[in-house]
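Student: how would this look folded up:
(2 chains)
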Number of protein chains: 2
Amino acid sequence: MSHDIEDIQDCPADSRLAGHAPVCKGCPGQSLCSSQDSQADPDQEIIETRLKAIRHKILILSGKGGVGKSSIAVMLSQMLANDGCKVGVLDIDICGPSIPKLLSVEDQPVIDTQWGWKPIVSPHSNIKALSVGSFLASDCQAVVWRGPRKTALIRRMIKDTLWGRLDDLIIDTPPGTSDEHLTILKLLASTRPEGAIIVTSPQKLSAGVVSREIRFCQKMNVPILGIIQNMSGYTCPCCSEVTEIFSDGAGEYLAKKYGVPLLGSVPLDTSILKAQEKGSNIENMYPNSPFGVSMRQILKKIQKVLEK
Amino acid sequence: MSHDIEDIQDCPADSRLAGHAPVCKGCPGQSLCSSQDSQADPDQEIIETRLKAIRHKILILSGKGGVGKSSIAVMLSQMLANDGCKVGVLDIDICGPSIPKLLSVEDQPVIDTQWGWKPIVSPHSNIKALSVGSFLASDCQAVVWRGPRKTALIRRMIKDTLWGRLDDLIIDTPPGTSDEHLTILKLLASTRPEGAIIVTSPQKLSAGVVSREIRFCQKMNVPILGIIQNMSGYTCPCCSEVTEIFSDGAGEYLAKKYGVPLLGSVPLDTSILKAQEKGSNIENMYPNSPFGVSMRQILKKIQKVLEK
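Tutor: Numbering: from 1, shown residues only, chains lettered A, B, ... in the order given. Alright, predicted model coming up:
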């Protein structure tokens, strides 16, 4: 490769070197990064006050889209709420939010009070939710935003949302390792998030992309609570044969390769997918489904780690 | 809603108003946008020369991740190549590239010649490919980049890649409506891309997110060639019963709602997923598979539109 080839080093966008590292030379974002990082954050105090009222802050990550991050985020939140915990879900997928539909809080606008944005409470599970979806006039309005503006909104979501005291804040993220991810980690840094749950499908193709997300967590010093392999096995509604549509065991492979716990595998279930899209509380509705039972076992493992 | 609530208007990042619109006031990216847009583009001539040598430029889009954009992009390219067309695939998914694996060009570095970056040729189908994956030291290296840097790389990919004469350039994109999408449309604008193919899964949840992508195309005046509904029906390998795992017909719903042609529906097929992950030429390998036959019919429809 020639020396002229694109230099794939990380953006030092959230370190002191932001805008000043050799790799920043010639980047169109250089002046933006240097100007932001040279200033002390005037909102640090309010951000910390808000976040310190939240016991556990857990990120749901996956390099890959469509592996069920939002579905897992909502299921975990519903189980925690069923156990009596005070739960919030923050959706930082700015261009493709799914949380409002899954928590049945669509078409309900966020109220701006003198103490901040009031999250919307889901009707079936008493979960507080905030998503860019709640700011949109309709659920199909496109959010055509570049990175700096996504960064600014996520910042406001952390600084201005009136969560109050929460046991758990589950943060659902978009695919990738870019603006949204760097921003949320920077905002959470001083109050240390408990860690990240990585979601993958069993496909080999996912393993490659999800690897990048695990490497990202390791670089950014975010503890990985474990990996959930979603879409593991499909039960034919006709003959009850369980087949592996997306085979290959990416979850197990990733857990071994990176020395991270595999929290468990959960199956694809058509009725559950449908019920989730209606915003139902899955554990209450299908208490004995293989999906529900596996997710309960996974939650137990997560709680053990959190109690340590 | 209070007047203080976040104002969900689009970024005017690629119009003359970039950095100067009322919505830009207070955005951290304001100075970046205004500085970029006030200058005439010194690379316009070389960009146009490169792009004018390419007959059809087709974008593969979907608001949603994991619906099979890359898989559809590769299948279309392989069918075109099988027909004797000169085909290139440009992967602008910077943080989660899948194209190198699907075209079997992993671990092959891009060569930088005096005429530009030489795309890598796929062994099974003679397709030229360029992806950020080809610049990485390993296939699990994370690309932790903010928007401005992704923009700069996509720009270089268009300006510096030595595609030569091509019949078709298929452009695979990440989920969302953000930096990558705005950037590629801006770069293609003067040589007018033929249009976009929208990929969706049949799920209701996808319909909401994919709606945003359709609205994005309409706003940006990108013609939509049609919608492909992927993952439609799964044939149980045991009893051959075809079941709808992801039911709801999002493709049909979206086509009707937005007056866009539904190009067709393609089924989930485990053997094809596996063969694709090995970089095989699917049409040659499974000429009579329902997936291959449906994709051929879809390609015919696309070609009819392109010939007009």
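
Student: show me where the stretch 151-300 of chain A has its strands.
Tutor: Ranges of strands in the stretch 151-300 of chain A, per DSSP state E, counting those that start in this stretch, are A:166-172, A:195-200, A:224-229, A:234-235, A:242-243, A:262-265.

Student: now the ones you listed in JSON lines, with distance to chain B, mean pLDDT and mean neighbour count?
Tutor: (C-beta placed from N, C-alpha, C; glycine too.) As requested, the strands of the stretch 151-300 of chain A are exported to JSON lines (distance: least, CB to the nearest CB, whole Å; pLDDT from 0 to 100; neighbours: other CB atoms under 10 Å in any protein chain shown):
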{"stretch": "strand A:166-172", "distance to chain B": "13", "mean pLDDT": "98", "mean neighbour count": "23"}
{"stretch": "strand A:195-200", "distance to chain B": "11", "mean pLDDT": "98", "mean neighbour count": "27"}
{"stretch": "strand A:224-229", "distance to chain B": "13", "mean pLDDT": "98", "mean neighbour count": "24"}
{"stretch": "strand A:234-235", "distance to chain B": "6", "mean pLDDT": "80", "mean neighbour count": "20"}
{"stretch": "strand A:242-243", "distance to chain B": "6", "mean pLDDT": "80", "mean neighbour count": "16"}
{"stretch": "strand A:262-265", "distance to chain B": "17", "mean pLDDT": "97", "mean neighbour count": "22"}
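
Student: give me the residues contacting stretch A:264-275.
Tutor: Stretch A:264-275 has contacts (CB atoms under 8 Å, 6 or more residues apart in numbering or on different chains) with A:71-72, A:202, A:228-235, A:237, A:242, A:245, A:251, A:282, A:285-286, A:289-292, A:294-295, A:297-298, A:301, B:203, B:243-248.

Student: what do you get if the cut-off is 6 Å, keeping everything else the same?
Tutor: A:229-234, A:282, A:285, A:290-291, A:294-295, A:297-298, B:245 (CB atoms under 6 Å, 6 or more residues apart in numbering or on different chains).

Student: go on, stretch A:68-76?
Tutor: Taking CB under 6 Å, 6+ apart as the rule, stretch A:68-76 contacts A:60, A:62, A:98-99, A:102, A:170, A:172, A:199, A:228, A:230, A:276, A:282, A:295.

Student: likewise stretch A:153-167?
Tutor: A:43, A:46-47, A:53-55, A:85-86, A:88, A:92, A:115-118, A:130, A:183-184, A:187, B:6.

Student: tell me how far the ends of it are from each other?
Tutor: 24 Å (CA to CA, to the nearest Å).

Student: go on, stretch A:230-250?
Tutor: 10 Å.

Student: list the buried ones in that stretch?
Tutor: A:230-236, A:243-246, A:248-250 (16 or more other CB atoms under 10 Å in any protein chain shown).

Student: show me which of those residues is closest to A:Ala18.
Tutor: A:Ala250 (33.4 Å; CB to CB).

Student: how much space between the residue nearest to A:Trp115 when sequence neighbours are not counted and chain B?
Tutor: Setting aside the residues directly before and after it, A:Trp115 is nearest to A:Leu162 in space (CB to CB, 6 or more residues apart in numbering or on different chains), at 5.0 Å. For A:Leu162, the distance to chain B equals 13 Å [CB to the nearest CB, to the nearest Å].

Student: report pLDDT for A:Leu162.
Tutor: For A:Leu162, the pLDDT comes out at 96.

Student: just the helices in chain A please.
Tutor: Assigned by DSSP state H, the helices in chain A fall at A:30-38, A:44-52, A:69-82, A:99-102, A:147-160, A:179-188, A:204-219, A:250-258, A:270-277, A:282-285, A:290-307.

Student: out of the ones you listed, which gets nearest to B:Asp10?
Tutor: Using CB to CB, the helices of chain A put helix A:147-160 closest to B:Asp10, at 9.8 Å.

Student: what's the neighbour count on A:Cys85?
Tutor: Residues within reach of A:Cys85, counting by other CB atoms under 10 Å in any protein chain shown, total 17.

Student: OK, contacts around it?
Tutor: By CB under 6 Å, 6+ apart, the neighbours of A:Cys85 are A:Asp167, A:Asp168.

Student: show the backbone phi and psi for A:Gln108.
Tutor: Main-chain dihedrals, A:Gln108, degrees, to the nearest 10: phi -110, psi 120.

Student: need the pLDDT of A:Thr183.
Tutor: 95.

Student: got it, and A:Ser271?
Tutor: At A:Ser271, pLDDT is 87.

Student: what's the spacing between it and chain B?
Tutor: Taken as CB to the nearest CB, the span from A:Ser271 to chain B is 10 Å.

Student: near that residue, how many other residues are there?
Tutor: Residue neighbour count, defined by other CB under 10 Å, stands at 13 for A:Ser271.

Student: same deal with A:Val222?
Tutor: 21.

Student: isn't it up against A:Ala196?
Tutor: Yes: with contact defined as CB atoms under 6 Å, A:Val222 reaches A:Ala196; the gap is 5.2 Å.

Student: give me the contacts around stretch A:202-215.
Tutor: Here stretch A:202-215 has contacts from A:61-64, A:200, A:229, A:232, A:246-250, A:253-254, A:258, B:96, B:98, B:139-140, B:142, B:277, using CB under 6 Å, 6+ apart.

Student: return the distance of it from the chain's centre.
Tutor: 16 Å (CA atoms, centre = their mean, to the nearest Å).

Student: let's see that stretch as PDB, backbone CA atoms only.
Tutor: Presented in PDB, the C-alpha positions along stretch A:202-215 are these (Å, rounded to 0.1, in the frame of the first residue of the first chain):
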ATOM      1  CA  PRO A 202     -25.800 -16.000  14.700                       C
ATOM      2  CA  GLN A 203     -24.500 -15.200  11.200                       C
ATOM      3  CA  LYS A 204     -20.800 -15.200  10.300                       C
ATOM      4  CA  LEU A 205     -21.400 -11.900   8.500                       C
ATOM      5  CA  SER A 206     -22.500 -10.400  11.800                       C
ATOM      6  CA  ALA A 207     -19.500 -11.700  13.700                       C
ATOM      7  CA  GLY A 208     -17.200  -9.500  11.500                       C
ATOM      8  CA  VAL A 209     -19.200  -6.300  12.000                       C
ATOM      9  CA  VAL A 210     -20.000  -7.000  15.700                       C
ATOM     10  CA  SER A 211     -16.200  -7.600  16.300                       C
ATOM     11  CA  ARG A 212     -15.700  -4.000  15.500                       C
ATOM     12  CA  GLU A 213     -18.100  -2.900  18.200                       C
ATOM     13  CA  ILE A 214     -16.400  -5.100  20.800                       C
ATOM     14  CA  ARG A 215     -13.000  -3.600  19.800                       C
END
